[in-house]
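Enquirer: here's a sequence, model it:
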Amino acid sequence: MKRILWILFLIAGQSVLAGDIVINEIMYHSVGTEVEFVELYNATGSDVNVQDWTILDDNDGHKPCKLSGTIPAGGYLIVTGNLTQFTARYPGVSPVNTNVYDTGSEAWSLGNAGDAVRLYDAAKVLQDIVVYEDGGDWPASADGNGPSLELLNPAMDNNNPSSWDPSTGNGGTPGRINSAYTENAAPIARDGTRLTALPTAADAVVVTVQAFDIEGLASVSLLVNTGSGYISTPMNDNGSGGDAAAGDSMYSAVIPAQPGGTLVKYYALATDAVGQTDTWPNQAPASYEAYTVGYKPPKLRVTEALAVNGHVNQDNSGEYDDWIEIHNEDAATVNIGGMFISSSVNSPQMFQLPSRNLAPDEYLIIWADDDTQQGNLHADFKLSSEGEDVALFETIDHGNVLIHGWKFGRMSEDISMGFKPMDATAPEYLKNPTPGASNETSELFSPVCINEFQSTSNFGGTDDWVEIFNRGSAPFDLTGCYLSDERGENTKWKFPGKIIQPGEYLVIYEDVLDFGFSSEGQDVIMLSAADSLTGLDFYDFGPQTADKSEGRSTDGVAYWTKFDNPTRGSANISSCVDCGEPAAVPEDLVLYANYPNPFNPVTTLSFYVPKTEKIILKIFDASGRETAMLADGVFQRGRHDLTWNAEGRTTGVYFFSVQGAGFRKTGKMLLIR
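Expert: Residues are numbered from 1 along each chain as shown. Below you'll find the model as predicted:
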């Protein structure tokens, strides 16, 4: 998301708004000798001191590249991987950051197949981020063919592929205006949704898309094809015709109910006042969204995955590679052609599978080796040993919905994760991987397991805790083992000296852990061995309800359920018939996005206060000047909604800041007349 956090800071006695230092150009794969660079542009009206700011790729384990100096208003700073090679390729280009990022054992370079560029200020606050790819919706010609990636206009969302073009000449334009620059930025259409995933013949379908343009939109349309070509329907942002709310930049239209079996294709088209357009999905109508009325996905499951294959099984080239196993649990043969396999449950079109029949009870191995030349069952990605996702999605024409997917935790060599028994509700670490066969014959890797946990309580109740259980037949030494709520950072809390006996429970509370588990289901629970590299147990949980726990239905088994009456430190006996809706209770100040945004002239600003305290809410204009004070007083615990009427204000970007005891959070909004 563009400009994730905005802060105010003082430079030379002036109030300057950080966050307008924009990642403006990226050369990640040059022709010949690899000469990488990232160009930063100062889109503010003031000089900005970037001393001790840093830039980093997508790996937190790499060493950040430190920035230095000042970027003048409207000026540039080039950050390169190799200063000598850059100077030789681009003589006379300046200013170039004196530090480079591609040197030493902890160095990094920008991946040719896609990567992230992250910019942090001196306080380690993320100021800008671009996550690019070498194809798909991103300009493919920037991948080793000569051009760089250039942002069309610094005011555009630089995390949106449609905001970028390849440079018109080879080598890009470091240190000067982009060759792809356009004064009148094209509109943006993105983040479309279909509110009914798999419509039936009785369902009218609401489709929404976010659309906006800096200079103003002329129209937003939904083009729908039910078999006789695309027909245009206006999309509304007026709170009617299926639209949820007026003026929030979310445009909506309704596709009428269609007969069963109808293939419905659609895409959205945004047009600005000078005729520039953008589509969602990008490259429409060649690409499109779709569903088949009344369709039900087959019973396919992702039953096992191995991220570190040392000696288990070889592919057709004799290599020990990562793999994902799919099982057909349907009573009928299923053709997987056009379905997608992915390493993220949020990326439904990662690798398209070939036409291949799967008979009932048949297993199929997909090699996650990033080597598609070895065959059409070799995906163009690998699995991370730190933990990742495995997911199977339907074809585009069948709605591209998730058929089955799950997260896995830290994997060590030749230890897989999969379902045992095969109808289990959560995967386990398996000591003996069983590629292409049932997991029933495999032994569970870990005798100790996460058995139950609670993530939220009402006032005064017991707060977050997790219960560990020894389901094995021998004592287990937990000394030096780790608990964490985050993949990739599995050493958050270290067990002191403790031997847990067979059948024994051990409960660890939040005040000991020094971290808690999200009641919104945004965290995981990971139990790792003392070497910090071997996963013992892992659970990915969903939203939770206050004063109710979740755990294995009986101690140590792979079926999980909810408990009306938590059983910490004792045998699990589920009594949860209806655990109710999850009640997420934030523990920190929460600042919500204003609504609507863009707006004209009234918008609502909302925040949540975790305890009664004094709150100050201010509005600033684009130059950092305070223009309004919405709140300066004591607020009770809970959510609060305040409105701001910008009548008489000029069109442009404004910022709001909520300040309490020891914290400040800020946001950005756009007033359009």
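
Enquirer: give the bridge partners for residue 404, please.
Expert: Following DSSP bridges, residue 404 is listed with bridge partners residue 392.

Enquirer: that one is in contact with residue 389, isn't it?
Expert: No: with contacts counted by C-beta atoms under 8 Å, residue 404 stays clear of residue 389, the gap being 11.3 Å. Just so you know, the C-beta spots here come from the backbone N, C-alpha and C atoms, and that holds for glycine as well.

Enquirer: low-scoring stretches of the stretch 551-673 of the chain, by residue?
Expert: 574-588, 592-593, 595, 597, 612, 623-624, 636-639, 661-664, 673 (pLDDT under 70).

Enquirer: all strands for it, in order.
Expert: 560-563, 590-591, 602-609, 613-621, 626-635, 638-645, 652-660, 663-671 (DSSP state E, counting those that start in this stretch).

Enquirer: who touches residue 182 in this structure?
Expert: Residue 182 is in contact with 152, 153, counting by C-beta atoms under 8 Å, 6 or more residues apart in numbering.

Enquirer: for residue 362, same thing?
Expert: 327, 328 are the contacts of residue 362 under C-beta under 8 Å, 6+ apart.

Enquirer: pLDDT value on it, please?
Expert: pLDDT for residue 362: 97.

Enquirer: from one end of stretch 351-368 to the other, what's the distance?
Expert: End-to-end distance for stretch 351-368: 10 Å, by C-alpha to C-alpha, to the nearest Å.

Enquirer: could you number the chain from 24 rather than 1 from now on?
Expert: Done: numbering now begins at 24, and the last item shifts to stretch 374-391.

Enquirer: and that stretch, how far from the chain's centre?
Expert: 27 Å (C-alpha atoms, centre = their mean, to the nearest Å).

Enquirer: list the buried ones in it?
Expert: 374, 375, 376, 381, 386, 387, 388, 389, 390, 391 (16 or more other C-beta atoms under 10 Å).

Enquirer: ok but residue 267 is inside a helix, no?
Expert: No: secondary structure of residue 267 (DSSP: H, G, I helix; E, B strand; the rest coil): coil, not part of a helix.

Enquirer: so what does it have for phi and psi?
Expert: Phi and psi for residue 267, reported as degrees, to the nearest 10, are phi -70, psi -40.

Enquirer: rebuild the strands of the stretch 574-696 of the chain as TSV, extending it with distance to residue 201 and mean neighbour count.
Expert: Shown next, in TSV, are the strands of the stretch 574-696 of the chain (distance: least, C-beta to C-beta, whole Å; neighbours: other C-beta atoms under 10 Å):
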stretch	distance to residue 201	mean neighbour count
strand 583-586	52	18
strand 613-614	33	17
strand 625-632	32	18
strand 636-644	27	17
strand 649-658	32	13
strand 661-668	35	14
strand 675-683	21	19
strand 686-694	23	17
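
Enquirer: per-residue confidence for the closest residue to residue 579 other than its chain neighbours?
Expert: In space, and not counting its chain neighbours, residue 579 is closest to residue 494: 3.1 Å by C-beta to C-beta, 6 or more residues apart in numbering. For residue 494, the pLDDT comes out at 95.

Enquirer: next, the contact list for the closest residue to residue 695 other than its chain neighbours, please.
Expert: Spatial nearest neighbour of residue 695, chain neighbours left out: residue 621 (4.5 Å); criterion: C-beta to C-beta, 6+ apart. The contact partners of residue 621, taken as C-beta under 8 Å, 6+ apart, are 235, 270, 272, 692, 693, 694, 695.
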